[in-house]
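Enquirer: got a predicted model here, sequence first, then my questions.
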Amino acid sequence: MDKRLIVVIICAVMPLCFVAFIASRQNNKLVQANSQQLLRTKVDEQMELVLLELSQAQSAERGFLLTGKDEMLAPAIAAPAAIEKSFRALNRLLENDPMQTERLNRLEPMVRERLNFIASVVITKKQRGLDSAMRLLADGKADQLSTKVKSLADDILTSDRQLTEDIRLKKDESTEKLKNERLLLLAAFLSVFMIGSNYMFGRLN
């Protein structure tokens with residue numbers, strides 16, 4: 001093969017390889033951003049489940065106090081296991097996020113304490129009557145605990161959603177860069193094709 005042709009091909013292919021490498025790296029960043037976005041969505045979902053289960057347990061407590069019917073307690077009975085499951089999932093999802101893990105470690109005992117308080121109110125109602133159960137609620141400890149739980153859970157959700165927004169912006173930026181780099185790749189390919197074609201045409205003539 002003509003040495004000049006080899007040199008032409010090498011010089012033409014090198015930009016093509018360089019652009020392809022950049023595009024591949026950008027694509028990897030996009031894949032990573034998608035993975036991080038999915039993780040943040042799962043964190044959001046599990047945290048919302050904790051709050052929902054706790055809210056339903058509190059509603060069950062009030063329903064039982066009003067009606068005295070044991071069947072009203074079903075959500076409160078189911079809540080501890082469901083919440084424990086969500087916390088296990090959250091601990092896995094946030095294991096590489098020290099700040100969120102620290103918040104979660106503070107939130108878990110608060111939620112358990114609130115669930116235990118619900119159980120105490122139910123037991124007090126059954127053993128000592130409605131007035132004793134209402135006095136237990138009247139000291140405001142339950143409301144204070146619920147407020148703390150809600151505040152800390154909101155901190156976790158707010159931080160997670162901010163991270164989600166940051167990831168979305170980076171993902172959009174990576175998508176735009178990838179689109180541009182694919183255009184460069186196409187342009188480089190066409191350049192190689194044109195150079196090769198022109199050289200071969202010149203050789204034939």
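Expert: Right, received. Where do you want to start? In this text the structure is predicted, and so the values were computed from the model without any measurement.
Enquirer: tell me which element the closest residue to Leu93 other than its chain neighbours falls in.
Expert: In this structure, Leu93 finds its nearest non-sequential neighbour in Val43, 5.0 Å apart by Cβ to Cβ, 6 or more residues apart in numbering. All C-beta spots, glycine's among them, are computed from the backbone N, C-alpha and C. If you go by DSSP states H and E, Val43 is part of helix 3-67.
Enquirer: next helix or strand past that helix?
Expert: Where DSSP H and E defines the elements, the next helix or strand beyond helix 3-67 is helix 74-93.
Enquirer: tilt between whichever helix or strand comes after that next one and helix 74-93?
Expert: Counting by DSSP H and E, the element after helix 74-93 in chain order, helix or strand, is helix 98-128. Between helix 98-128 and helix 74-93, the angle comes out at 160 degrees (axes from the mean of the first three to the mean of the last three Cα atoms, to 10 degrees).
Enquirer: next, the buried residues of helix 98-128.
Expert: Of the residues in helix 98-128, 100, 103-104, 107-108, 110-111, 114-115, 117-118, 121-122, 124-125 count as buried by neighbour count, 16 or more other Cβ atoms under 10 Å.
Enquirer: can you pull the contacts of the residue nearest to Leu152 when sequence neighbours are not counted?
Expert: Spatial nearest neighbour of Leu152, chain neighbours left out: Leu107 (4.9 Å); criterion: Cβ to Cβ, 6+ apart. Neighbour list for Leu107: 149, 152-153, 156 [criterion: Cβ atoms under 8 Å, 6 or more residues apart in numbering].
Enquirer: I'd like those as TSV, with neighbour count appended.
Expert: Shown next, in TSV, are those (neighbours: other Cβ atoms under 10 Å):
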residue	neighbour count
Val149	18
Leu152	16
Ala153	20
Ile156	21
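Enquirer: may I see those organised as a markdown table, with secondary structure added?
Expert: As requested, the contacts of Leu107 are exported to a markdown table (DSSP: H, G, I helix; E, B strand; the rest coil):
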| residue | secondary structure |
| --- | --- |
| Val149 | helix |
| Leu152 | helix |
| Ala153 | helix |
| Ile156 | helix |
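Enquirer: for Glu48, give its distance to Met72.
Expert: When Cβ to Cβ, to the nearest Å is the yardstick, Glu48 and Met72 sit 24 Å from each other.
Enquirer: tell me which of these two has more neighbours.
Expert: Met72 (18 against 13; other Cβ atoms under 10 Å).
Enquirer: ok, for that one, nearest residue in space, not its chain neighbours?
Expert: Closest residue to Met72 apart from its sequence neighbours, by Cβ to Cβ, 6+ apart: Gly63 at 3.9 Å.
Enquirer: how near is that neighbour to Glu71?
Expert: Gly63 sits at a distance of 9 Å from Glu71 (criterion: Cβ to Cβ).
Enquirer: look at those two and report which has more neighbours.
Expert: Set Gly63 next to Glu71 and count neighbours by other Cβ under 10 Å: Gly63 wins out with 17 against 9.
Enquirer: contact partners for the residue nearest to Leu93?
Expert: 90, 93-94, 100, 156, 160.
Enquirer: which of those lies closest to Glu53?
Expert: Of all these, Leu90 has the smallest distance to Glu53: 12.9 Å, by Cβ to Cβ.
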